[in-house]
Every structure is written in C-alpha cells, then in structure tokens.
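> sequence unavailable; structure follows:
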C-alpha cells in the first residue's frame with residue numbers, strides 16, 4: 001500500500017471516529033429526553049440518578065444561561081437548604097431556581113421558597129418536596145441545550161441523525177470496496193511476480209546443457 005493510500009485511510013478512519021465521538025453522546029441524550037418524557041411526563045428523564053435538562057429562560061443568569069444543558073442529580077429533599085439550586089416541576093414545566101428560604105405549610109410539611117438569581121422577587125408559589133426533581137451541583141455544557149432542541153425539529157433530525165447515518169453508511173461501503181480493490185491489486189501483483197519467477201526458472205532450465 002502506498003504512503004498516500006495509508007495517509008488517506010488513516011484520515012478517513014480518524015474523521016469517522018471523531019464524528020462518532022461527537023454525535024453519539026448528543027444523540028443518546030436526545031433519545032433519553034424524548035423517550036423519558038413520553039414514558040413519564042410527570043418526571044424528568046434521566047439515567048443513573050442524573051437528569052439532563054435544557055435551560056429555556058435567563059432567570060438564573062449569569063450562573064446558568066439560556067441554551068445550556070445542565071445536569072440534575074437525585075437528592076434527599078430533607079438535606080436541602082437555603083442557597084441550593086434545585087429543579088422542580090410546576091404545571092408540567094421544569095424550573096431550576098435557587099432556594100431562598102425554607103418554611104412550613106399548614107400541616108407542617110416543608111416548603112421551599114425559590115427565586116431565580118436574575119429575578120428581583122421570589123417565585124409566587126412555594127415548592128413542595130414531591131415537586132423536586134433534584135439538585136444542580138454545577139454541571140453544565142454551554143449551548144448544548146440549544147443543539148438538543150434543534151435536533152428535535154424535523155430539520156435537526158435530518159441534519160444531525162439521518163445525514164450522519166447515511167454518510168457513515170456510504171463511508172463504510174466505500175471503505176470496504178477500497179479494501180477489496182487493494183486486496184485484489186495486491187493479489188494480482190503477487191500472481192504476476194509468481195508468473196515472472198516461474199518463467200525465469202523455466203528459462204534457466206532451458207539453458208542448462
């Protein structure tokens with residue numbers, strides 16, 4: 001195999017691997033969000049106690065920005081305290097705000113007063129323990145949430161899922177055909193060398209007195 005062919009093969013292999021490394025985690029997170037939301041609409045979907053969530057508002061800026069992908073961890077609500085950032089559900093919508101205070105309800109149940117860092121006032125209704133989905137410990141990826149939302153659109157699914165799969169399939173077909181061609185060329189070269197060697201041997205035998 002020539003140096004140019006070796007270099008081309010290495011480049012194509014590395015490119016395919018990089019695309020897989022970049023796209024597969026994004027696709028997996030997207031599938032978790034879509035499948036989980038359908039299976040249990042009253043709870044954030046997650047794996048191994050970690051729940052990815054897309055930030056849709058700027059109420060927690062500058063700590064958390066619009067379009068971020070944040071990761072919510074399961075927690076014991078009894079351990080929550082003022083200053084913790086929690087994610088809770090309100091009317092089916094996930095909200096991530098900071099605990100501004102802890103109070104007791106009419107029947108003595110614990111309630112959490114929350115407020116977004118960018119807001120001037122506390123949230124209108126206190127949060128109960130059964131609403132809480134988990135605690136935010138600081139994990140976030142800037143802009144990934146916007147990409148996830150875009151991938152859930154028809155255009156996004158075509159660009160980020162269907163097209164990469166087709167490209168990978170075409171690349172695999174091209175790689176296999178090229179490997180077959182190189183093997184056939186190598187085999188033909190060996191056969192030609194063998195035929196030349198055989199002819200030379202026969203020629204030498206014919207010259208022997």
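Received it, and whenever you're ready, just let me know what you need. Worth saying up front: this structure is predicted, and the values here are computed from it rather than measured.

> domain-wise, how is the chain divided?
Residue ranges for the domains of the chain, per automatic domain parsing: 1-39+153-193, 44-146.

> closest to residue 200 out of these?
For residue 200, the closest of the domains of the chain is domain 1-39+153-193, at 10.5 Å, according to CB to CB. Just so you know, the C-beta spots here come from the backbone N, C-alpha and C atoms, and that holds for glycine as well.

> can you give me the neighbour number for the closest residue to residue 89 other than its chain neighbours?
Here the nearest residue to residue 89 in space, its sequence neighbours aside, is residue 131; by CB to CB, 6 or more residues apart in numbering that works out to 5.4 Å. Around residue 131 there are 17 other residues, counting by other CB atoms under 10 Å.

> surely residue 52 and residue 70 touch.
Yes. With contact defined as CB atoms under 8 Å, residue 52 counts as touching residue 70 (7.5 Å).

> re the thing from before, check what pLDDT the residue nearest to residue 89 gets.
Per-residue confidence for residue 131 comes out at a pLDDT of 95.

> please report the distance of it from residue 46.
Using CB to CB, to the nearest Å, residue 131 is found at 16 Å from residue 46.

> can you check residue 57 too?
Relative to residue 46, residue 57 is positioned 21 Å away (criterion: CB to CB).

> the more surrounded of those two?
With other CB under 10 Å as the criterion, residue 57 and residue 46 differ in neighbour count, and residue 46 comes out ahead with 19 against 15.

> mind listing what the more buried one touches?
The contact partners of residue 46, taken as CB atoms under 8 Å, 6 or more residues apart in numbering, are 32, 36, 52, 72, 74.
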